[in-house]
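A.B. asks: how does the following fold in three dimensions:
(4 chains)
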There are 2 protein chains.
Amino acid sequence: MPAAAEPFPSAPGAPAFSPLYQQIKALLLKSLSAGEWLPGQVIPSEIELAARFGVSQGTVRKAIDEMATENVLVRRQGKGTFVATHAEQETQYRFLRLMPDDANPDGSPPALQRRLLDCRRMRAPLEVARLLALKSGESAVQVRRLLLAGRDGELRPVVLDDLWLPGSLFKGLTLERMMAWRGPLYRLFEAEFAVHMIRAEEKLRAVAADADAATVLDVPVGTPLLSVERLSFTYGNRPVELRRGLYHTANHHYRNELS
Amino acid sequence: MPAAAEPFPSAPGAPAFSPLYQQIKALLLKSLSAGEWLPGQVIPSEIELAARFGVSQGTVRKAIDEMATENVLVRRQGKGTFVATHAEQETQYRFLRLMPDDANPDGSPPALQRRLLDCRRMRAPLEVARLLALKSGESAVQVRRLLLAGRDGELRPVVLDDLWLPGSLFKGLTLERMMAWRGPLYRLFEAEFAVHMIRAEEKLRAVAADADAATVLDVPVGTPLLSVERLSFTYGNRPVELRRGLYHTANHHYRNELS
DNA sequence: CAGTGGTCTAGACCACTAG
DNA sequence: TAGTGGTCTAGACCACTGA
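C.D. replies: As a prediction, this is how the structure comes out:
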């Protein structure tokens, strides 16, 4: 048995009186945000972690259990515990709650096509800077894109998204880079910019399509659209993306579960 | 120690090969739906339950843990484990995600007033019967009500709700009964009709206000409204309420968390 | 087959609540 | 003080994966 770390008689920088498994959880999150284990990769086994931290396997297990229910880690029996990613095909878009009206619950993924419209760097607008916790004057990357659904072979626009990202974190991000990418944008962000979205808060509203949105979404001006304002966070509750989506909900809806 | 039940070598009606704690969970749910413990009441201690079911405390604990994260039970250290209810003031409306735009996250409750508009019994419309799993021709109760928010002392309508309930479950439900009730409707349903909503599925859309909704909500015809269609379930995944809400989202929004 | 997570147990001690 | 849930441990065995 290695000369494992002390069971934290007085934890380093931690709240000092939190349960052991919470301290373990914090340490695991630290390793995750430090990039010790990348999205999609296995983390060490429970036994190894228990030895490393000098606690019992049960305590490590409880820490991992919580992180698994938070969708930060994914357990796979017989294989190991993995860092959650936005790459898995089962949940094509992990954060997109849009469903076709005719889909059976928990059925097939929406199967959407993406069309990138714009990507530019700018000084972050005041509101964007505030929500992303940027200093005034810092740069932001703005991306505009469209999602289209196949309707009897013909594609119809369904979602118009405007994204703002902290310029400092997304240095090499260009339209070309995104156009060449297959798969979810969040996966690109993980792979190329080491920015991993783990949580998001959304505010939903009904709004009327303005001239701009109406043109892009191919609907009459004034059409009711579902406005979805999303603030996404990475490890440590750091906001790293602001997104405003306009959903045309004629043949789709936003699905939610309450309990 | 009582002559506790066998550890279910071959479970009675259960899936037979599920983990013990899942069987315990099923048994607890059976007791809950049978009304052995009512919303707001304490259930027996973990030690008692362990004895009753003939398993270890840890196994009961794991069953209760899951039911607590599903918001079916609520643990309170030092006091016991309680059946969840819609009565608690902290979560005034447990299933209502509406928030004032100016509220700080996780802040004060919306503080809404209720105005009941209508309550009638009828043969369930086809679509309602289908979603509530009623036989054709069965009766349903329809309720229409308004929620209003205080805007500088003056009340403005924010939500128009239409509810459909299975007539067989809500025999004595009248407009007068509801008007006399203080507190959430779901609490009334628990207390008077033994119907406890534990889970719901919602479908959200943006729609234009028709003449009817426009009048009641005091907005121009065509105003974009957030349509929230909710199907609520009680124990055993039994659908017991269909609700269609129209939210005026000029000064409020629907808040959601993703992970 | 070895290694992983998943289940289950038994027992110790802590933290909180209430009489 | 007694009773509750909360934490932590150590060890046994099972179920699944992949070489």
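
A.B. asks: now A:V128, what's its secondary structure?
C.D. replies: Following DSSP: H, G, I helix; E, B strand; the rest coil, we place A:V128 in the helix state.

A.B. asks: what does chain A have sitting close to chain B?
C.D. replies: Proximity of chain A to chain B, by CB under 8 Å from any CB of the partner chain, involves residues A:69-71, A:94-95, A:97, A:99, A:105, A:198-208, A:222, A:224-227, A:230, A:247, A:249, A:253-259. Where C-beta positions appear, they are placed from N, C-alpha and C, glycine not excepted.

A.B. asks: do that again at 7 Å, thanks
C.D. replies: Within reach of chain B by CB under 7 Å from any CB of the partner chain, chain A has these residues: A:69-71, A:95, A:198-208, A:224-226, A:249, A:253-259.

A.B. asks: all helices of the stretch 151-259 of chain A, in order?
C.D. replies: Using DSSP state H, counting those that start in this stretch, the helices found in the stretch 151-259 of chain A span residues A:175-179, A:185-193, A:211-217.

A.B. asks: can you list contacts of the longest one?
C.D. replies: If I follow you right, that is helix A:185-193. For helix A:185-193, contacts defined as CB atoms under 7 Å, 6 or more residues apart in numbering or on different chains pick out A:P39, A:T85, A:H86, A:A87, A:L169, A:F170, A:M178, A:W181, A:V195, A:H196, A:M197.

A.B. asks: domain parsing for chain A?
C.D. replies: When chain A is parsed with automatic domain parsing, its domains come out as A:20-83, A:98-254.

A.B. asks: and DNA strand C, which of those domains is closest to it?
C.D. replies: Between DNA strand C and the domains of chain A, the shortest gap by CB to the nearest atom of the strand is with domain A:20-83, which sits at 3.3 Å.

A.B. asks: that closest one vs DNA strand C: in contact?
C.D. replies: Yes: judged by CB under 7 Å from any atom of the strand, domain A:20-83 comes into contact with DNA strand C through A:43, A:45-48, A:58, A:61, A:75-81.

A.B. asks: pull the most distant pair out of those residues.
C.D. replies: In the residues of domain A:20-83 next to DNA strand C, two members sit farther apart than any others by CB to CB. They are A:G58 and A:K79, at 20.5 Å.

A.B. asks: more neighbours, those two?
C.D. replies: With neighbours defined as other CB atoms under 10 Å in any protein chain shown, A:G58 and A:K79 compare such that A:G58 has more, 12 against 9.

A.B. asks: other SSEs contacting the host helix or strand of that one?
C.D. replies: Using DSSP states H and E, A:G58 sits within helix A:57-69. Applying 3 or more CB pairs under 7 Å, 6 or more residues apart in numbering or on different chains; DSSP states H and E, we find helix A:57-69 packed against helix A:20-33, helix A:46-53, strand A:73-76.

A.B. asks: buried residues, that helix. List them.
C.D. replies: Using 16 or more other CB atoms under 10 Å in any protein chain shown as the burial criterion, the residues of helix A:57-69 that qualify are A:T59, A:V60, A:R61, A:K62, A:A63, A:I64, A:E66, A:M67, A:A68.

A.B. asks: quick one: low-confidence parts of chain A?
C.D. replies: A:1-16, A:89-91, A:105-110, A:151-152 (pLDDT under 70).

A.B. asks: show me which residues of it sit near DNA strand D.
C.D. replies: Residues of chain A lying close to DNA strand D by CB under 7 Å from any atom of the strand are A:7, A:19-22, A:55-59, A:62, A:76-79.

A.B. asks: residues in contact with the helix holding A:G58: which ones?
C.D. replies: With contact meaning CB under 7 Å, 6+ apart, helix A:57-69 is reached by A:20-21, A:24-25, A:28, A:46-47, A:49-50, A:53, A:73-75, A:81, B:69.

A.B. asks: for the stretch 101-250 of chain A, just list every one of the strands.
C.D. replies: Secondary structure of the stretch 101-250 of chain A (DSSP state E, counting those that start in this stretch): strands located at A:112-123, A:139-151, A:154-166, A:199-208, A:224-234, A:238-247.

A.B. asks: take these and write them to JSON lines, including mean neighbour count.
C.D. replies: Shown next, in JSON lines, are the strands of the stretch 101-250 of chain A (neighbours: other CB atoms under 10 Å in any protein chain shown):
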{"stretch": "strand A:112-123", "mean neighbour count": "14"}
{"stretch": "strand A:139-151", "mean neighbour count": "18"}
{"stretch": "strand A:154-166", "mean neighbour count": "19"}
{"stretch": "strand A:199-208", "mean neighbour count": "20"}
{"stretch": "strand A:224-234", "mean neighbour count": "22"}
{"stretch": "strand A:238-247", "mean neighbour count": "21"}
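
A.B. asks: distance to B:Y235 added to these, as CSV?
C.D. replies: Formatted as CSV, those follow (distance: least, CB to CB, whole Å):
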stretch, distance to B:Y235
strand A:112-123, 36
strand A:139-151, 37
strand A:154-166, 37
strand A:199-208, 29
strand A:224-234, 32
strand A:238-247, 33
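
A.B. asks: quick one: which of the ones you listed is nearest B:L32?
C.D. replies: The nearest among these, by CB to CB, is strand A:199-208 at 31.2 Å.

A.B. asks: next, the angle strand B:224-234 makes with that closest one.
C.D. replies: Put simply, strand A:199-208 runs at 130 degrees to strand B:224-234, going by axes from the mean of the first three to the mean of the last three CA atoms, to 10 degrees.

A.B. asks: what residues does the stretch 51-200 of chain A put near DNA strand C?
C.D. replies: A:G58, A:R61, A:R75, A:R76, A:Q77, A:G78, A:K79, A:G80, A:T81.

A.B. asks: try it again at 10 Å.
C.D. replies: Residues of the stretch 51-200 of chain A lying close to DNA strand C by CB under 10 Å from any atom of the strand are A:56-58, A:60-61, A:64-65, A:68, A:73-82.

A.B. asks: who are the contact partners of the residue lying closest to A:A133 once chain neighbours are set aside?
C.D. replies: Distances taken as CB to CB, 6 or more residues apart in numbering or on different chains place A:P239 nearest to A:A133, at 5.7 Å, with adjacent residues excluded. By CB under 7 Å, 6+ apart, the contact set of A:P239 is A:L131, A:L132, A:A133, A:L231, A:F233.

A.B. asks: was I right about the last one contacting A:R199?
C.D. replies: So that's A:F233. Yes: between A:F233 and A:R199 a contact is recorded at 4.7 Å, counting by CB atoms under 7 Å.

A.B. asks: show me the contacts for the residue nearest in space to the middle of chain A.
C.D. replies: Most central in chain A under CA atoms, centre = their mean is A:M197, positioned 3.2 Å from the mean C-alpha point. Applying CB under 7 Å, 6+ apart to A:M197 gives the contacts A:H86, A:Y186, A:S232, A:T234, A:V240, A:E241.

A.B. asks: columns distance to A:G150 on top of the contacts of helix A:185-193, output as JSON lines?
C.D. replies: Output for the contacts of helix A:185-193, formatted as JSON lines (distance: CB to CB, whole Å):
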{"residue": "A:P39", "distance to A:G150": "29"}
{"residue": "A:T85", "distance to A:G150": "26"}
{"residue": "A:H86", "distance to A:G150": "22"}
{"residue": "A:A87", "distance to A:G150": "23"}
{"residue": "A:L169", "distance to A:G150": "34"}
{"residue": "A:F170", "distance to A:G150": "30"}
{"residue": "A:M178", "distance to A:G150": "21"}
{"residue": "A:W181", "distance to A:G150": "20"}
{"residue": "A:V195", "distance to A:G150": "30"}
{"residue": "A:H196", "distance to A:G150": "30"}
{"residue": "A:M197", "distance to A:G150": "26"}
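
A.B. asks: that's all I had, so thanks and see you.
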